[in-house]
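S.K.: How does the following fold in three dimensions:
(one chain, ligands or ions: 1)
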Amino acid sequence: MKRTMSSLPKVYVTRQIPPAGLKILQESGKVQYELWDSDDVPVPRKELLQKVKGVDALLCVLTEKIDAELLDAAGSNLKVVSTMSVGFDHLSLEELKKRGIRVGYTPEVLTDAVAELTVALLLATSRRLIEATHEAKTGGWGTWRTLWLCGHELANSTVGIFGLGRIGVAIAERLAPFKVKKFIYTDVAPRPELASLINAEYVSMDELAKQSDFLAACCALTPETKEICNKDLFSKMKKTSIFINTSRGGVVHQQDLYDALSTGEIAGAGLDVTVPEPLPTDHPLFTLKNCVILPHIASASYSTRNEMSSLAANNLLLGLRGQPMIKELKL
Ligand SMILES: O=C(O)[C@H](O)CO
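M.R.: Numbering: from 1, shown residues only. Model prediction:
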């Protein structure tokens, strides 16, 4: 039986996502969708709570909190939530599970982009690139000086990865040609298959802090990792070490990081993620020369964002058809 447009499953898309994903939804002919038609402003919560009423599926991004309130507002038709992100800390998994709602997400397609940006951020921080361009532009560039704008180099260094997954491996693979001496990592348990790809040694959190010249947080934000990068960790790090975070701002205790950076307990930090986002422009972290802050752009390449958008759309369509998604969270 041919279905009329109005009998097709209803989808709400919470953002103007990259065109590849919208094309998939459109051309499927299997759904009718409504879209919050802006990429610059997230859909206001009140509007979102209205728009989700009665929908069969939701395609969201990481700025939308998918919690009990929202799921109640959506009602019992909602069968699928597909997020255009690898991170899922904005989703209340327990509430979704309770309601039997299936969840799609977008791992792997962004691994290369995130790893690439992490390396860029690490180098920008350790070799003080932002300070350097500022000095060059604003008259600070006097004569060539012997110790001016010196930083820390990767050659012969120990790189520590906190939370070894696909992204941590991809970062280490990119850093290895810089003549890193040793990779170490910590996680809830050793991950020998992944570690063997980059010849990384499993160490305790304490050892990770003590040995790392560069420490990259690559873990998911969970109740266990919330603010785990705090004064306890920073106080054990070397004064010369660089801390990098491209995972979630919530894994860092920001006041402790500010204290560690401003007192010289560690040499520098590069952050692609903060709490909140956007970080207010008058936040103390912005006053520090040794802190490089990016506006959550690790996966922001045209090709990756389109792949994420396509994967989110395909996950949603498969979920609605009752088929296995390409990337589905096991709840
Ligand atoms: O979770 C994610 O997907 C990233 O933080 C944004 O791409």
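S.K.: shaky segments in the chain?
M.R.: For the chain, applying pLDDT under 70 flags the ranges 1-5.
S.K.: Next to the ligand, which bits of the protein? Give me the list.
M.R.: For the chain, the contact set with the ligand under C-beta under 6 Å from any ligand atom comprises 62, 85-87, 110, 299. For every residue, glycine as well, the C-beta is placed using N, CA and C.
S.K.: The stretch 201-331 of the chain: helices as residue ranges?
M.R.: Shown for the stretch 201-331 of the chain, the helices assigned by DSSP state H, counting those that start in this stretch span residues 205-211, 231-236, 254-262, 302-320.
S.K.: Please identify the most buried of the ones you listed.
M.R.: Between these, helix 302-320 has the highest mean count of neighbours, a mean of 22, where neighbours are mean count of other C-beta atoms under 10 Å.
S.K.: okay, it in PDB with CA atoms only?
M.R.: What follows is helix 302-320, C-alpha atoms only, in PDB (Å, rounded to 0.1, in the frame of the first residue of the first chain):
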ATOM      1  CA  TYR A 302      33.700  19.400   5.600                       C
ATOM      2  CA  SER A 303      34.100  15.700   4.700                       C
ATOM      3  CA  THR A 304      33.800  14.500   8.300                       C
ATOM      4  CA  ARG A 305      30.800  16.600   9.200                       C
ATOM      5  CA  ASN A 306      29.100  15.400   6.100                       C
ATOM      6  CA  GLU A 307      29.900  11.800   7.000                       C
ATOM      7  CA  MET A 308      28.600  12.300  10.500                       C
ATOM      8  CA  SER A 309      25.400  13.800   9.100                       C
ATOM      9  CA  SER A 310      25.000  10.900   6.600                       C
ATOM     10  CA  LEU A 311      25.700   8.300   9.300                       C
ATOM     11  CA  ALA A 312      23.200   9.900  11.700                       C
ATOM     12  CA  ALA A 313      20.500  10.000   8.900                       C
ATOM     13  CA  ASN A 314      21.200   6.300   7.900                       C
ATOM     14  CA  ASN A 315      21.100   5.200  11.600                       C
ATOM     15  CA  LEU A 316      17.800   6.900  12.000                       C
ATOM     16  CA  LEU A 317      16.200   5.400   8.900                       C
ATOM     17  CA  LEU A 318      17.500   1.900   9.800                       C
ATOM     18  CA  GLY A 319      16.200   2.300  13.400                       C
ATOM     19  CA  LEU A 320      12.800   3.300  12.100                       C
END
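S.K.: Touching that helix from outside, list them.
M.R.: 9, 11, 17-22, 24-25, 28, 30-31, 56-57, 59, 79-80, 82-85, 102, 104-106, 109-110, 112-113, 299, 324-328 (C-beta atoms under 8 Å, 6 or more residues apart in numbering).
S.K.: thinking again about what came up before, pipe the residues of the chain next to the ligand into a markdown table and attach neighbour count per row.
M.R.: Supplementary listing: the residues of the chain next to the ligand in a markdown table, determined by neighbours: other C-beta atoms under 10 Å:
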| residue | neighbour count |
| --- | --- |
| 62 | 19 |
| 85 | 19 |
| 86 | 23 |
| 87 | 17 |
| 110 | 24 |
| 299 | 24 |
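S.K.: now, the most widely separated pair of those?
M.R.: Taking C-beta to C-beta as the measure, the residues of the chain next to the ligand reach their widest spread between 62 and 110, a distance of 11.9 Å.
S.K.: Contact partners for the residue positioned nearest the centre of the chain?
M.R.: Centroid check for the chain by C-alpha atoms, centre = their mean gives residue 247 as the closest residue, at 4.2 Å. Taking C-beta under 8 Å, 6+ apart, we find residue 247 in contact with 87, 163, 217-221, 273.
S.K.: closest to the ligand among these?
M.R.: Lowest distance from the ligand to the contacts of residue 247 (C-beta to the nearest ligand atom) belongs to residue 87, with 3.0 Å.
S.K.: show me the residues around that closest one that make contact.
M.R.: Residues near residue 87 by C-beta under 8 Å, 6+ apart: 62, 220-221, 247-248.
S.K.: Now render these as JSON lines, adding distance to residue 258.
M.R.: Formatted as JSON lines, the entries for those read as follows, by distance: C-beta to C-beta, whole Å:
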{"residue": "62", "distance to residue 258": "24"}
{"residue": "220", "distance to residue 258": "24"}
{"residue": "221", "distance to residue 258": "19"}
{"residue": "247", "distance to residue 258": "19"}
{"residue": "248", "distance to residue 258": "18"}
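S.K.: Which elements pack onto the helix or strand in which residue 123 is found?
M.R.: Residue 123 belongs to helix 111-126 when assigned by DSSP states H and E. The helices and strands touching helix 111-126, judged by 3 or more C-beta pairs under 8 Å, 6 or more residues apart in numbering; DSSP states H and E, are helix 166-175, strand 214-217, strand 242-245, strand 268-271, strand 291-293, helix 302-320.
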